[in-house]
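1. next one to model:
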Amino acid sequence: MRRRGERVGGGGGGGGDDSGPAEGKAGGSRRERGWLAWCPRLRTLLLDLLLIYISVPFLIRLFPVLLTKFVFLNFLAFPFFVDLRRPELLLNNTISLYLPTEPGVTVGIWHTVPGSRGAEAQGKDQRWYEEALGDAHPVIIYLHGNGGTRAASHRVQFLKTMGAADFHILALDYRGYGDSSGHPTESGFTTDVLALYDWAKARSGNSSILFWGHSLGTGIATNTARKLQEERGVQVDAVVLESPYTNIREAAAHIPITTIYRQFPGFGYFILDSLALGDMFFASDENVKVLACPLLILHAEDDAVLPPHLGRKLFETARNAYKDKTKVKFITFPKKLGLGHDYISFNPELPVLVKDFLKMK
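-> As a prediction, the model looks like this:
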């Protein structure tokens, strides 16, 4: 009886325990069905992403104008909700003005006067600011990089830093940027800067005028300096290149956004060569072979956008071409300063370095 009872008890216990595995199998089946239901959606999503990835290079080759959107980024008009007509909300000793550069194109400009004239500048109008350009202080024409406007924080910091060091700064938004009219093109940028140079030269007397380019603006600076020299026989007093590149093709091969396509078959043909089809060259490495004015190149070692070896390569090209090697200088800023691509102007030593190169007191 005991054995039979034990068998019954054991069998009953075993029968009760069978419900656990049964429920586990049912739960597993439901999870499996849920996963299988998602599989087609995931597969479709991955196929769509793959199709987009493959299509982009072909679309760029067929429509190279698409690349101008990525290179210029003028549609990213940050900082948003800033009234560019009122720079006094961000800066002291600064006014906004507008300059026609060719029929149908007017560019917006901020003019910051030297800090030593700050008190005198209070409440003054544009006429006073124009006359102030002839006060013997050097004039910087500041050429910013892609994306944003002249009100971007690192550009405002540049105006503060160099204004406090007793420079005039004329910071313009090229055509198609900020509150400037027109559409961005490489040749159009040169036209804008030449018009501003002529305007400043007519008012600055014997004051020195420098082109200071940052990032994309370094190519614009060398383009304009070369055109002045070749077509007019005029040398700008100096060119400063901050976070530069050699040419736009080589820059595009190194910027982070192209990383996902560098292993793509035909990356050079479909993407890099298409820059030329879109009339974008920004060939600073060719321009510096022609220049003879003082040339200062600045690059941070931790620049993650345009690596510093591009700046060094540009320096070597210029140094090899210049007859007077003392006119070319390359300054690097160590990683520990954390200046990256945009923040060299935050270094308090910058004005001293520039003045030392220009042999200014």
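2. how about Ile60, nearest residue that isn't a chain neighbour?
-> Ser274 (5.1 Å; CB to CB, 6 or more residues apart in numbering). Where you see a C-beta, it was placed from the backbone N, CA and C, and this is true even at glycine.
3. so the one you found touches Leu62, yeah?
-> No: Ser274 lies out of contact with Leu62 (CB atoms under 8 Å); the separation is 9.0 Å.
4. between the two, which one's more packed in?
-> Using other CB atoms under 10 Å as the criterion, Ser274 and Leu62 rank with Ser274 on top: 23 against 11.
5. re earlier: which SS state does the residue nearest to Ile60 fall under?
-> Under DSSP: H, G, I helix; E, B strand; the rest coil, Ser274 falls in the helix class.
6. pLDDT wise, what is it at?
-> The model reports Ser274 with a pLDDT of 97.
7. go on, Cys39?
-> pLDDT at Cys39 comes out at 80.
8. Asp48 versus that one, what's the distance?
-> With distances taken as CB to CB, to the nearest Å, Cys39 is found 15 Å from Asp48.
9. also Gly134?
-> Gly134 is 62 Å from Asp48, by CB to CB.
10. in terms of neighbours, single out the busier of those two.
-> Between Gly134 and Asp48, counted using other CB under 10 Å, the more crowded position is Gly134 (15 against 10).
11. that one touches Arg203, doesn't it?
-> Yes: here Gly134 lies in contact with Arg203, judged by CB under 8 Å, at a distance of 6.1 Å.
12. which residue ranges of the stretch 201-350 of the chain form helices?
-> Using DSSP state H, counting those that start in this stretch, the helices of the stretch 201-350 of the chain run over 216-227, 248-252, 267, 273-277, 284-287, 308-321, 350-357.
13. for those helices, could you give me TSV that also reports distance to Leu196?
-> Formatted as TSV, the helices of the stretch 201-350 of the chain follow (distance: least, CB to CB, whole Å):
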stretch	distance to Leu196
helix 216-227	9
helix 248-252	22
helix 267	37
helix 273-277	26
helix 284-287	18
helix 308-321	24
helix 350-357	20
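14. of all those helices, which lies closest to Leu296?
-> helix 350-357 (5.0 Å; CB to CB).
15. buried stuff in that closest one?
-> Leu350, Pro351, Leu353, Val354, Phe357 (16 or more other CB atoms under 10 Å).
16. ok, stretch 171-186 next?
-> 171-180, 182, 184-186.
17. can you check stretch 292-299 too?
-> Neighbour count says stretch 292-299 has Cys293, Pro294, Leu295, Leu296, Ile297, Leu298, His299 buried, by 16+ other CB under 10 Å.
18. could you find the closest non-adjacent residue to Asp324?
-> Ala292 (7.7 Å).
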